[in-house]
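A.B. asks: Following is a predicted model, sequence given first.
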Amino acid sequence: MNTSFSVLILSSLMGLTLLTSETIYSFSESSSKDWFVVDDGVMGGLSRGNFKSSKEGTSVFWGTVSLENNGGFSSVRYRQSPTDVSTFSKFILKIKGDGKDYQFRVKSSSKDYYSYVYTFPTSGEWQEVIIPFDQMIPSFRGRILDQPPFPGKACAEMAFLIANKKAESFALEMKEILVERPQ
């Protein structure tokens with residue numbers, strides 16, 4: 001009998017699952033309809049972000065950040081009905097950046113005024129960014145709040161943001177967002 005088949009049968013009989021991660025968003029040709037750009041123009045800034053899906057099954061968030069008129073950020077966001085993430089402990093991003101730092105942001109509820117934020121560097125190559133829930137810090141308009149980290153119960157909004165306090169062009173290609181269970 002095949003060993004992996006035996007493990008699968010034994011796991012099924014014991015009620016165990018071998019899957020430790022699940023995809024919660026896979027970027028595709030239709031992704032550009034799901035995500036929307038929010039720039040510092042909401043406060044008078046001049047930054048310009050764009051978002052486009054490709055036939056290769058990825059999406060690209062690109063543009064320029066301007067510091068003029070007190071600007072300095074661009075973001076792309078996705079809102080959804082709250083997704084239960086209570087059996088998971090971390091996010092995994094499959095991305096390809098341009099060597100700049102980005103933030104991954106989540107909200108537990110669409111009613112929250114703040115986001116849970118994790119800043120990560122990019123390498124210019126495809127990479128997996130692992131983000132433990134307990135390292136996502138609550139923040140509002142760039143200020144860290146005196147509250148506990150992401151509780152990991154529900155995810156109602158996800159976003160990518162660039163705000164490195166300098167004028168710059170940027171490009172972040174995205175393939176998948178996963179959640180992973182504790183091992």
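C.D. replies: Happy to help now that I have it.
A.B. asks: Strands of the chain, start to end?
C.D. replies: 21-26, 35-39, 48-53, 59-65, 74-84, 90-96, 101-107, 115-121, 126-132, 137-140, 143-144, 154-162, 168-180 (DSSP state E).
A.B. asks: Would you mind giving those strands as JSON lines with mean neighbour count and mean pLDDT added?
C.D. replies: All C-beta atoms are positioned from the backbone trio N, CA, C, and that covers glycine. Converted to JSON lines, those look like this (neighbours: other C-beta atoms under 10 Å; pLDDT from 0 to 100):
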{"stretch": "strand 21-26", "mean neighbour count": "15", "mean pLDDT": "93"}
{"stretch": "strand 35-39", "mean neighbour count": "18", "mean pLDDT": "96"}
{"stretch": "strand 48-53", "mean neighbour count": "18", "mean pLDDT": "95"}
{"stretch": "strand 59-65", "mean neighbour count": "21", "mean pLDDT": "97"}
{"stretch": "strand 74-84", "mean neighbour count": "17", "mean pLDDT": "95"}
{"stretch": "strand 90-96", "mean neighbour count": "21", "mean pLDDT": "98"}
{"stretch": "strand 101-107", "mean neighbour count": "20", "mean pLDDT": "98"}
{"stretch": "strand 115-121", "mean neighbour count": "19", "mean pLDDT": "98"}
{"stretch": "strand 126-132", "mean neighbour count": "15", "mean pLDDT": "98"}
{"stretch": "strand 137-140", "mean neighbour count": "17", "mean pLDDT": "96"}
{"stretch": "strand 143-144", "mean neighbour count": "10", "mean pLDDT": "94"}
{"stretch": "strand 154-162", "mean neighbour count": "21", "mean pLDDT": "97"}
{"stretch": "strand 168-180", "mean neighbour count": "19", "mean pLDDT": "97"}
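A.B. asks: show me the contacts for the closest residue to Val37 other than its chain neighbours.
C.D. replies: In space, and not counting its chain neighbours, Val37 is closest to Gly49: 4.4 Å by C-beta to C-beta, 6 or more residues apart in numbering. Gly49 is in contact with Val37, Val38, Asp39, Phe61, Trp62, Gly63, Ser74, Ser75, Val76, counting by C-beta atoms under 8 Å, 6 or more residues apart in numbering.
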